[in-house]
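> Sequence first, then the predicted structure, then my questions.
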Amino acid sequence: MRFMPKIKSIGHKRWMAVCLACCLVAAQGLAVGTAPELPDPGNPRMTRDQQTQLGLQAAGEVYKQMPVLPDSSRETQYIQKLGKRLVATIPAENSWPFQFHVIAQKEINAFALPGGSMFVNIGTIQAADNEAELAGVMAHEMSHVYMQHSAKQQEKASLLGGLAGIVGGIAGSMGGVWGTLAQSGIQFGAGTIMLKYSRGDESQADAVGAIILYKANYNPVALADFFEKIEAQGGSGPQFLSDHPNPGNRRAAIEQEIANWPARKYARDNPEFAAVRKNALSVHAYSAQEIADGAKSGQWVAENQKNGAVFAGAPGGGTATSAPAASTPAPSQASVASVPAAAITDVQPSSIFPQTDLGVMKIVRPENWQVTQDQQQGSVTIAPRPGVSGNAVAYGVVIQGIQSPGANQSVQQITAAIVKNLESGDSKMKQNGEIQSISVNGAAAGSVELETVSMMPDAAGKAQAERDWLVAVPRRDGSVVMIVFVATQRYFEQMRPTFEKMLGSVQF
């Protein structure tokens, strides 16, 4: 081995210092990596205003169907504080008017609606071992809003012709917030809400959620920790798992994503989390079944108002019901007292029936019934003005062209599936009689009658029954024309000749 000639002490020290400095710089360069940035969320066809209004409508329904803690509760104030910390990581141009609420439900779950209204079950707070895990769940849900997954699911449903889109479109045309929500992958049952996401959506929400956590100084792996804990518990979180399909190995995916991010000293638990979690254990919480039963009886509307848990709507004073773009609630969900009653003389059809060209079809209508097109819903309403309130129809006809759910679906199957889904969205709706096979302009069609509660009260201001005649007409191009005739139970038979004449006049 050859040796370097001896260097003078001063020069040697200087040379060693330079070498050490260079090594430190190189080492730092290797450790720094690239700081993560949130991805472009894209631009779905549903506008930001539409998504926000849709979310506000859904949030208002949550307050009707679930026990929500008031904003003054210790748990809600803590969740709101934690939520604001996470929201601060999102650039203003891509952020949303996030709101944070807590539901007094035992089961572990959390969901965020389009536009930013987030609900966290008390059971989720109890199940988290540390603040980072709780933040991970919230960041994951925020990512669904940030990436606008519900709006994008609506587009997929339209392209694929999914049955949910079909049912949602018809329910929406009949005047319900239910249809609009269903079109965006939001489904309400008695006391439950489900946002259906794909595994791809879940994987993307994990990735975006990891970035939000990192920027808020939480360890992104905590997100995987919580999900793995729920999966290990098996039966203790069935709704959470069904709403959040596992995209694969979450931990491996997140660890790979953060491997080259700059090192950061993550936040540790603060005493507030432990105190809130302890207090949450003493909060009276309900099971999913108890909540479902309470929703059917209207228990939560009364209890939420009594406890001061009243949905305030959008920040700045807007409400779900006052928004101009909002749909009117479905007949069975609407407050009939708020809708003026119409006398039969006000809605009585004229004896003159001019023909109306709707593009995909022609149909005759009573001369005094107006034709209204809803471009957003893709529907046409033919009804007397006194028989309509907002998008809700008490007397008239709703027509909508939709995509068939599949080439192998029979008329009976399509009609039966639509009835089943309509019944699940309206607890008071039920099928009246068997599905019949009929002919419309020479085409095979399905026909069935339904019963529910009208959105319009009777003359005494009391709720009254409604009858709906649903007709489904499959077309050769793979579409289905849905025609729904609507009237109150009392006057349906009086309206039937008009409905039959209109159906008999259909020309495609």
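Here it is on my side, so go on. Numbering: from 1, shown residues only.
> Following the chain onward from the helix or strand residue 400 falls within, which element is next?
Using DSSP states H and E, residue 400 maps to strand 396-403. Heading C-terminal from strand 396-403, the first helix or strand you meet, by DSSP H and E, is helix 411-425.
> Residues contacting the following helix or strand past that following helix, please?
Once the chain leaves helix 411-425, the next helix or strand it forms, by DSSP H and E, is strand 430-440. With contact meaning C-beta atoms under 8 Å, 6 or more residues apart in numbering, strand 430-440 is reached by 411-412, 415-416, 419, 423, 444-452, 467, 471, 473, 503, 506. Yep, even glycine has a C-beta here, placed from its N, CA and C like the rest.
> residue ranges with poor pLDDT in the stretch 201-350 of the chain?
By pLDDT under 70, the low-scoring segments of the stretch 201-350 of the chain are 233-248, 313-341.
> again, but for the chain
By pLDDT under 70, the weakly predicted segments of the chain are 1-33, 154-196, 233-248, 313-341, 374-378, 390-391, 403-407, 421, 425.
> Break it down into its structural domains.
Following automatic domain parsing, one finds the domains of the chain at 48-307, 336-504.
> Of all those domains, which one is nearest residue 35?
When those are compared by C-beta to C-beta, domain 48-307 sits nearest residue 35, at 5.7 Å.
> Could you tell me the end-to-end distance of the closest one?
Domain 48-307 has its terminal residues 32 Å apart, counting by C-alpha to C-alpha, to the nearest Å.
> Please apply the same query to stretch 111-120.
From its first residue to its last, stretch 111-120 covers 7 Å (C-alpha to C-alpha).
> go on, stretch 292-312?
For stretch 292-312, the first-to-last residue distance is 23 Å (C-alpha to C-alpha).
> roughly how far is that stretch from the heart of the chain?
Relative to the chain's own centre, stretch 292-312 is displaced by 20 Å; criterion: C-alpha atoms, centre = their mean, to the nearest Å.
> Give me the buried positions along it.
Buried residues in stretch 292-312, counted by 16 or more other C-beta atoms under 10 Å: 292, 294-295, 299-300, 304, 307, 309, 311.
> all strands for the stretch 251-400 of the chain, in order.
355-357, 362-364, 370-374, 379-383, 388-389, 392-393, 396-403 (DSSP state E, counting those that start in this stretch).
> Residue 470 is in contact with residue 503, correct?
No. Counting by C-beta atoms under 8 Å, residue 470 is not a contact partner of residue 503; they are 11.5 Å apart.
> any residues in contact with both of those two?
Shared contacts of residue 503 and residue 470 (C-beta under 8 Å, 6+ apart): residue 483.
> would you list every one of the helices in the stretch 251-400 of the chain?
271-280, 288-297, 299-307, 344-347 (DSSP state H, counting those that start in this stretch).
> Tell me the buried residues in the strand or helix carrying residue 84?
Residue 84 is part of helix 74-87 when elements are defined by DSSP H and E. By neighbour count on 16+ other C-beta under 10 Å, the buried set for helix 74-87 is 75-80, 82-83, 85-87.
> Specify which member of the residues you listed is nearest to residue 213.
Among the buried residues of helix 74-87, residue 86 lies closest to residue 213 (C-beta to C-beta), at 7.9 Å.
> my read: the closest one touches residue 216, true?
Yes. At 5.4 Å, residue 86 counts as touching residue 216 under the criterion of C-beta under 8 Å.
> overlap in contacts of those two?
With C-beta under 8 Å, 6+ apart as the test, residue 86 and residue 216 both reach 135, 139.
> tally of neighbours for residue 386?
By other C-beta atoms under 10 Å, 16 other residues sit near residue 386.
> Please look at it and residue 347 and confirm they touch.
Yes. Contact criterion C-beta under 8 Å: residue 386 and residue 347 qualify, at 5.6 Å.
> Which neighbours do these two have in common?
residue 395.
> pretty sure residue 450 contacts residue 485?
No. Counting by C-beta under 8 Å, residue 450 does not reach residue 485; the two are 10.5 Å apart.
> list the residues that contact both of those two?
Joint contacts of residue 450 and residue 485 (C-beta under 8 Å, 6+ apart) are 468-469.
> Could you dump the buried residues of helix 74-87 into TSV with distance to residue 351 added?
Output for the buried residues of helix 74-87, formatted as TSV (distance: C-beta to C-beta, whole Å):
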residue	distance to residue 351
75	63
76	59
77	64
78	66
79	61
80	61
82	65
83	60
85	67
86	63
87	60
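> For residue 273, state which of the residues you listed is nearest.
Of all the buried residues of helix 74-87, residue 273 sits closest to residue 78, with 7.6 Å by C-beta to C-beta.
> mind listing what the closest one touches?
Residue 78 sits next to 272-273, 276 when contact means C-beta under 8 Å, 6+ apart.
> From residue 102, how far off is it?
9 Å (C-beta to C-beta, to the nearest Å).
> Same check on residue 270?
Per C-beta to C-beta, residue 270 is found 19 Å from residue 102.
> Give me the phi and psi for residue 450.
The phi/psi pair for residue 450 (degrees, to the nearest 10) reads phi -130, psi 160.
> three-state assignment of the closest residue to it other than its chain neighbours?
In space, and not counting its chain neighbours, residue 450 is closest to residue 468: 4.3 Å by C-beta to C-beta, 6 or more residues apart in numbering. Following DSSP: H, G, I helix; E, B strand; the rest coil, the label given to residue 468 is strand.
> Run a quick check on residue 468 versus residue 484, I expect a contact.
Yes. Residue 468 lies in contact with residue 484 (C-beta under 8 Å); the separation is 5.7 Å.
> close enough to count as contact, residue 411 and residue 470?
No. Using C-beta under 8 Å as the test, residue 411 is too far from residue 470 to be in contact (11.9 Å).
> Need the residues touching each of those two.
With C-beta under 8 Å, 6+ apart, residue 411 and residue 470 have common neighbours residue 446.
> More neighbours: those two, which one.
Neighbours per residue (other C-beta under 10 Å) separate residue 411 from residue 470, with residue 470 holding more: 23 against 19.
> Let me see the contact set for the more buried one.
170, 415, 418-419, 446-450, 482-484.
> which of these lies closest to residue 45?
Residue 45 lies nearest to residue 170 out of the contacts of residue 470, by C-beta to C-beta, at 19.9 Å.
> Let me see the ranges of the helices in the stretch 1-150 of the chain.
Taking DSSP H, counting those that start in this stretch to define them, one finds helices in the stretch 1-150 of the chain at 9-32, 48-65, 74-87, 122-127, 131-146, 149-160.
> For residue 289, grab the count of nearby residues.
Residues lying near residue 289 (other C-beta under 10 Å) number 12.
> and if you look at residue 272?
By other C-beta under 10 Å, the residues close to residue 272 number 14.
> What separation do you get for residue 367 and residue 347?
As judged by C-beta to C-beta, residue 367 and residue 347 stand 13 Å apart.
> Of those two, which one has the most company?
Neighbours per residue (other C-beta under 10 Å) separate residue 367 from residue 347, with residue 347 holding more: 24 against 12.
> so who does that one touch?
Per C-beta under 8 Å, 6+ apart, neighbours of residue 347: 383-384, 386-387, 394-395, 491.
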